[in-house]
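Q: structure of the sequence below:
(2 chains)
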Amino acid sequence: MKRSLTALLLLISVLYIFGCSSSKPLPATEGGAVPDWYLNTPQDPNYLFAPSTASSKDLQLAVDKAVTDARAEIGRQVETQVQGLQKKFDEEVGVGENSTLLSQFTQATKTVVNQSLNGSNVQKKEVLKDGENWRAYVLVAYPIGAANSALMEQIKKNEEMYTRFRSSQTFEELDKEVQKYEDWKDKENK
Amino acid sequence: MFRGILVLLGLINNIIFPQVYKAWFLNPLDYGCGNTVIGYANRSYYGDTSAIKNAFLNACENYLKQHQVYFSGGQAFWTTEAGTYWMGNNFTEEIDTSIIYYTVSNLKILDTLIAADFVAVLAADKSCSDLNDITSNVNSLKAPGWISDIPHDKSFYYAVGLAPSYYLERSSWEEAEKIARRNLASNINSKVKSLEKKTEREYQEIKNEDIAVMLKNSQIIGRWKDTKKKVFYVLIRMPK
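A: Numbers count the residues shown, from 1 in each chain, chains lettered A, B, ... in the order given. Next up, the predicted model:
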């Protein structure tokens, strides 16, 4: 009985020592090593680059957040529609001589991206444990050739739309009205 | 006390089941065995015969995915000054199941890997004499470059999928493979929509990415397990 008690105590001591040894602080490299390519974005005349970083408790979500953000940035580089809204609010507060005119000037910018990206690829990817979270660094590259062909596609679509418009009845009417106007102008000048 | 027991169990587990994989599992392209595929299954309680059969069926399903899979869906995020929030996703993979019987009758098991808690089989549509029993311990190998520098060339599209360590190792490998296929699809074509609003006082952005791509003749060409970070990596490629 005594022997088994001693053995049990010995086992507990061994487990305690192992337990203590595993509670060492995490290595300093964790969460600190920012990749060079994130700080210094590569330059290449044939590619558009977008570095991005994001963190999450879930490994895949951290990567997905970073990649989607980088792709949106590529989309912004290819084509962006910026809508500026300026609103001026004038408000009068109080009564009579004590009234105060508050003039608030608000400026808002709305940026819309709607882009189909062919061949945008994640060229570099780094995941680090950042405390309880995962931090992902990604570098997305988009070949300029693909960007150009996307632009050509857009131009082609516009041309197709214009061709369809030209063959429509509305265009014929417009053409006739313009012609009438031109004839009237000629008569007036004579 | 509890931590001590876990460490002790971990040590015992590492001694009995070191992080050893067959070379064909980590680098399938190193063997001239043509179009190979790997299937996974959990280990059986009594012997691994049924586990190998299950892994073979999984290999047949994966073979179909390699042959042709339609990957579609999307995912959205909402960013404010406080950070980026995940708004959900709905990714799906569709395969042609009409040829599953043909695949089952034509694939052959070339080799098996019995790991700590899963079984993997290497299958192909023809026999291969180049295979050997070389094994590699990932703890003693240098991590491959492709885990951070993803290859790119004129002939193939490449993508890397990663997954954290789950209770069953099989789940980690399977998720990394699925994520690799999804990343490959989004590399080929993705539609990005973003609406960004900025005022003097606030900032917010809604981002959405949609994918609808047919993957044909994709092939998993590398696997790696980072035992320190506990991250599983899979490298996939598809001809352009």
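
Q: mind listing what's buried along stretch B:225-235?
A: B:225, B:229, B:231-235 (16 or more other C-beta atoms under 10 Å in any protein chain shown). For glycine as for every other residue, the C-beta is placed from the backbone atoms N, C-alpha and C.

Q: quick one: is it near chain A?
A: Yes. On the criterion C-beta under 8 Å from any C-beta of the partner chain, stretch B:225-235 is in touch with chain A at B:229, B:231.

Q: off-centre distance for that stretch?
A: Its chain's average C-alpha position is 11 Å from that of stretch B:225-235, according to C-alpha atoms, centre = their mean, to the nearest Å.

Q: got the end-to-end distance for that stretch?
A: One end of stretch B:225-235 to the other measures 12 Å (C-alpha to C-alpha, to the nearest Å).

Q: next: stretch B:89-104.
A: End-to-end distance of stretch B:89-104 (C-alpha to C-alpha): 32 Å.

Q: chain center to it: distance?
A: That offset, for stretch B:89-104, works out to 17 Å (C-alpha atoms, centre = their mean).

Q: give me the contacts around it.
A: B:57, B:60-61, B:63-65, B:67-76, B:178, B:181-182, B:211 (C-beta atoms under 8 Å, 6 or more residues apart in numbering or on different chains).

Q: cutoff 10 Å now
A: A:61, A:64, B:37, B:56-57, B:59-77, B:106, B:123, B:125, B:178-179, B:181-182, B:185-186, B:209-211, B:214-215 (C-beta atoms under 10 Å, 6 or more residues apart in numbering or on different chains).

Q: inside helices: which ones of those residues?
A: Residues of the contacts of stretch B:89-104 located in helices (DSSP state H): A:61, A:64, B:56-57, B:59-67, B:106, B:178-179, B:181-182, B:185-186.

Q: mark which of those are buried, thanks.
A: Taking 16+ other C-beta under 10 Å as the criterion, what is buried in the ones in helices among the contacts of stretch B:89-104 is A:61, A:64, B:56-57, B:59-67, B:178-179, B:181-182, B:185-186.

Q: check the buried residues of stretch B:225-235 and tell me the two furthest apart.
A: Greatest spacing in the buried residues of stretch B:225-235, by C-beta to C-beta: B:229 and B:235 (16.8 Å).

Q: skipping its backbone neighbours, what lies nearest the most centrally placed residue in chain B in space?
A: With distances taken as C-alpha atoms, centre = their mean, the residue of chain B nearest its centroid is residue B:177 (1.8 Å). Nearest non-adjacent residue to residue B:177, counting by C-beta to C-beta, 6 or more residues apart in numbering or on different chains: residue B:234, 5.1 Å away.

Q: ok, that neighbour - contacts?
A: B:147, B:159-163, B:172-181, B:183, B:220-224.

Q: need the helix or strand of chain B with the lowest average pLDDT.
A: helix B:2-16 (a mean of 59; mean pLDDT, DSSP states H and E).

Q: cool, chain A as well?
A: strand A:81-93 (a mean of 49).

Q: now the chain, which segments are flagged as low pLDDT?
A: Picked chain A for this. Counting by pLDDT under 70, chain A contains low-confidence ranges at A:1-32, A:80-108, A:146-171, A:173-178, A:180-182, A:185, A:188-190.

Q: that's the wrong chain, I meant chain B
A: In chain B (pLDDT under 70), the answer is B:1-4, B:6-18.
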